[in-house]
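**Q** Pasting a predicted model and its sequence here:
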Amino acid sequence: MAKKISAGILLYRCRGDIVEVFLVHPGGPYWARKDEGAWSIPKGESTEGADLLATAYAEFHEETGSLLAGSPVPLKPLQQPGGKLVHAWAVRGDIDAASIRSNTFEIEWPPRSGERREFPEVDRADWFELAAARLKLLPGQRGFIDQLRQHLGKRPTAKSDGVR
(Lines give C-alpha, C1' and ligand atoms only; values in the text may rest on other atoms or scores of the structure.)
Protein backbone atom coordinates (compact mmCIF):
# COMPACT_ATOMS: atom_id res chain seq x y z
CA MET A 1 0.00 0.00 0.00
CA ALA A 2 1.43 3.37 -1.01
CA LYS A 3 2.15 5.87 1.72
CA LYS A 4 -0.14 8.91 1.64
CA ILE A 5 1.72 12.17 1.06
CA SER A 6 0.53 15.79 1.06
CA ALA A 7 2.35 18.99 0.21
CA GLY A 8 1.48 22.51 1.29
CA ILE A 9 2.51 26.09 1.89
CA LEU A 10 2.76 27.84 5.25
CA LEU A 11 2.32 31.44 4.10
CA TYR A 12 3.48 34.02 6.63
CA ARG A 13 3.78 37.76 6.92
CA CYS A 14 5.43 40.12 9.38
CA ARG A 15 3.64 43.17 10.72
CA GLY A 16 6.21 44.98 12.79
CA ASP A 17 7.40 42.40 15.27
CA ILE A 18 4.27 40.26 14.94
CA VAL A 19 4.32 37.21 12.69
CA GLU A 20 1.05 35.92 11.26
CA VAL A 21 0.32 32.76 9.27
CA PHE A 22 -2.38 32.14 6.70
CA LEU A 23 -4.64 29.16 7.44
CA VAL A 24 -7.68 27.69 5.72
CA HIS A 25 -10.80 26.07 7.14
CA PRO A 26 -12.06 22.93 5.38
CA GLY A 27 -15.43 23.20 3.70
CA GLY A 28 -18.28 20.77 3.78
CA PRO A 29 -20.80 19.69 6.38
CA TYR A 30 -18.42 17.63 8.53
CA TRP A 31 -16.28 20.69 9.35
CA ALA A 32 -19.04 23.35 9.44
CA ARG A 33 -19.23 23.60 13.24
CA LYS A 34 -15.58 22.84 14.01
CA ASP A 35 -13.06 25.61 14.64
CA GLU A 36 -10.28 25.08 17.14
CA GLY A 37 -8.05 22.24 15.96
CA ALA A 38 -9.75 22.11 12.53
CA TRP A 39 -7.80 24.62 10.40
CA SER A 40 -4.95 23.66 8.07
CA ILE A 41 -2.20 25.04 5.92
CA PRO A 42 -3.32 25.03 2.27
CA LYS A 43 -2.21 21.58 1.09
CA GLY A 44 -3.23 18.59 -0.93
CA GLU A 45 -2.39 15.00 -1.71
CA SER A 46 0.51 14.10 -3.93
CA THR A 47 2.05 10.93 -5.22
CA GLU A 48 5.39 9.46 -4.34
CA GLY A 49 8.03 10.72 -6.73
CA ALA A 50 6.07 13.84 -7.70
CA ASP A 51 7.57 17.33 -7.46
CA LEU A 52 6.25 18.13 -4.00
CA LEU A 53 7.02 21.85 -4.12
CA ALA A 54 5.12 22.15 -7.41
CA THR A 55 2.24 20.23 -5.80
CA ALA A 56 2.29 22.59 -2.81
CA TYR A 57 2.05 25.68 -5.02
CA ALA A 58 -0.69 24.09 -7.17
CA GLU A 59 -2.73 23.11 -4.12
CA PHE A 60 -2.36 26.61 -2.67
CA HIS A 61 -3.78 28.00 -5.90
CA GLU A 62 -6.63 25.46 -6.00
CA GLU A 63 -7.67 26.15 -2.42
CA THR A 64 -7.33 29.95 -2.46
CA GLY A 65 -7.44 31.12 -6.07
CA SER A 66 -4.14 32.96 -5.45
CA LEU A 67 -0.78 32.46 -7.07
CA LEU A 68 2.30 32.87 -4.89
CA ALA A 69 5.78 34.12 -5.52
CA GLY A 70 8.56 34.02 -2.98
CA SER A 71 11.46 32.00 -1.74
CA PRO A 72 10.20 28.74 -0.25
CA VAL A 73 11.93 27.49 2.89
CA PRO A 74 11.57 23.72 3.32
CA LEU A 75 10.18 22.59 6.65
CA LYS A 76 10.66 19.14 8.12
CA PRO A 77 7.79 16.85 7.01
CA LEU A 78 5.33 15.92 9.75
CA GLN A 79 3.68 12.53 10.17
CA GLN A 80 -0.04 13.00 10.82
CA PRO A 81 -1.97 10.88 13.35
CA GLY A 82 -3.65 9.00 10.46
CA GLY A 83 -0.27 8.13 8.93
CA LYS A 84 -0.11 10.71 6.13
CA LEU A 85 3.21 12.53 5.71
CA VAL A 86 2.82 16.28 5.11
CA HIS A 87 5.63 18.18 3.40
CA ALA A 88 5.51 21.96 3.76
CA TRP A 89 7.39 25.08 2.76
CA ALA A 90 7.28 28.44 4.53
CA VAL A 91 6.82 31.33 2.09
CA ARG A 92 6.72 34.99 3.06
CA GLY A 93 3.90 36.84 1.33
CA ASP A 94 0.52 38.42 1.73
CA ILE A 95 -2.92 37.78 0.27
CA ASP A 96 -6.42 38.97 1.10
CA ALA A 97 -8.01 36.17 3.12
CA ALA A 98 -11.51 37.45 2.36
CA SER A 99 -11.03 37.06 -1.39
CA ILE A 100 -10.25 33.34 -1.58
CA ARG A 101 -11.92 31.21 -4.25
CA SER A 102 -11.66 27.50 -3.62
CA ASN A 103 -12.22 24.51 -5.84
CA THR A 104 -15.18 22.29 -4.89
CA PHE A 105 -15.97 18.66 -4.17
CA GLU A 106 -19.16 16.65 -4.33
CA ILE A 107 -20.54 14.22 -1.74
CA GLU A 108 -23.81 12.55 -0.89
CA TRP A 109 -25.51 14.85 1.61
CA PRO A 110 -27.33 14.21 3.82
CA PRO A 111 -25.86 10.72 4.22
CA ARG A 112 -27.85 7.90 2.60
CA SER A 113 -30.22 10.44 1.02
CA GLY A 114 -29.18 9.72 -2.55
CA GLU A 115 -28.69 13.47 -3.06
CA ARG A 116 -25.33 14.81 -4.23
CA ARG A 117 -24.23 18.28 -3.10
CA GLU A 118 -21.23 20.39 -3.97
CA PHE A 119 -19.14 22.14 -1.30
CA PRO A 120 -16.04 24.33 -1.41
CA GLU A 121 -12.87 22.50 -0.39
CA VAL A 122 -12.05 25.57 1.73
CA ASP A 123 -14.91 27.65 3.12
CA ARG A 124 -12.83 30.44 4.68
CA ALA A 125 -9.31 31.61 5.37
CA ASP A 126 -7.70 33.98 7.82
CA TRP A 127 -4.45 35.29 9.23
CA PHE A 128 -3.49 34.28 12.78
CA GLU A 129 -0.68 35.26 15.11
CA LEU A 130 1.46 32.23 15.90
CA ALA A 131 0.00 31.38 19.32
CA ALA A 132 -3.56 31.55 17.97
CA ALA A 133 -2.54 29.54 14.90
CA ARG A 134 -1.29 26.70 17.12
CA LEU A 135 -4.79 26.47 18.64
CA LYS A 136 -6.60 26.66 15.29
CA LEU A 137 -4.40 24.16 13.44
CA LEU A 138 -5.00 20.45 13.26
CA PRO A 139 -2.76 18.97 15.99
CA GLY A 140 -0.58 17.12 13.49
CA GLN A 141 0.39 20.38 11.75
CA ARG A 142 1.29 22.44 14.83
CA GLY A 143 4.94 21.50 14.47
CA PHE A 144 5.11 23.69 11.35
CA ILE A 145 4.55 26.75 13.58
CA ASP A 146 7.46 25.70 15.77
CA GLN A 147 9.67 25.24 12.72
CA LEU A 148 8.70 28.67 11.39
CA ARG A 149 9.58 30.24 14.75
CA GLN A 150 12.95 28.50 14.63
CA HIS A 151 13.56 29.62 11.04
CA LEU A 152 12.78 33.22 11.95
CA GLY A 153 14.92 33.01 15.09
CA LYS A 154 12.03 34.08 17.25
CA ARG A 155 10.77 32.96 20.60
CA PRO A 156 7.31 33.59 22.06
CA THR A 157 7.02 35.98 24.97
CA ALA A 158 4.50 35.85 27.79
CA LYS A 159 3.35 39.37 26.83
CA SER A 160 2.28 38.62 23.27
CA ASP A 161 0.65 36.09 20.99
CA GLY A 162 3.14 37.18 18.35
CA VAL A 163 6.83 36.49 18.29
CA ARG A 164 9.62 38.78 19.33
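**A** That came through fine.

**Q** Next, give phi and psi for the residue nearest the centre of the chain.
**A** Centroid-nearest residue in the chain, with CA atoms, centre = their mean: I41, separated by 0.6 Å. Phi and psi for I41, reported as degrees, to the nearest 10, are phi -80, psi 150.

**Q** Leaving out chain neighbours, which residue sits closest to W109?
**A** Among residues not flanking W109 along the chain, R117 sits closest, at 4.4 Å (CB to CB, 6 or more residues apart in numbering). For every residue, glycine as well, the C-beta is placed using N, CA and C.

**Q** Hmm, that neighbour is touching T104, no?
**A** No: using CB atoms under 8 Å, R117 makes no contact with T104, being 9.9 Å away.

**Q** any residues touching the longest strand along the chain, and which ones?
**A** Secondary structure of the chain per DSSP state E: the longest strand is strand 5-15. Residues from elsewhere that reach strand 5-15 (CB atoms under 8 Å, 6 or more residues apart in numbering): 19-22, 40-48, 52-53, 55-57, 59-60, 68, 72, 75, 84-95, 127, 144, 148.

**Q** before we move on, what about stretch 120-135?
**A** 13, 18-28, 31-32, 36-37, 39, 42, 62-64, 97, 100, 102-105, 136, 142, 145, 148-149, 156, 160-163.

**Q** Endpoints of it, how far apart?
**A** 23 Å (CA to CA, to the nearest Å).

**Q** again with stretch 12-23
**A** Note: stretch 12-23 ends 9 Å apart using CA to CA.

**Q** Give me the buried stretch members for stretch 92-103, please.
**A** Within stretch 92-103, the residues that count as buried by 16 or more other CB atoms under 10 Å are 95, 97, 100, 102.

**Q** likewise stretch 82-94?
**A** Neighbour-count burial for stretch 82-94, counted by 16+ other CB under 10 Å, picks out 86-91.

**Q** would you turn these into CSV with pLDDT, distance to I5 and secondary structure?
**A** Formatted as CSV, the buried residues of stretch 82-94 follow (pLDDT from 0 to 100; distance: CB to CB, whole Å; DSSP: H, G, I helix; E, B strand; the rest coil):
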residue, pLDDT, distance to I5, secondary structure
V86, 97, 8, strand
H87, 97, 7, strand
A88, 98, 12, strand
W89, 98, 14, strand
A90, 98, 18, strand
V91, 97, 19, strand
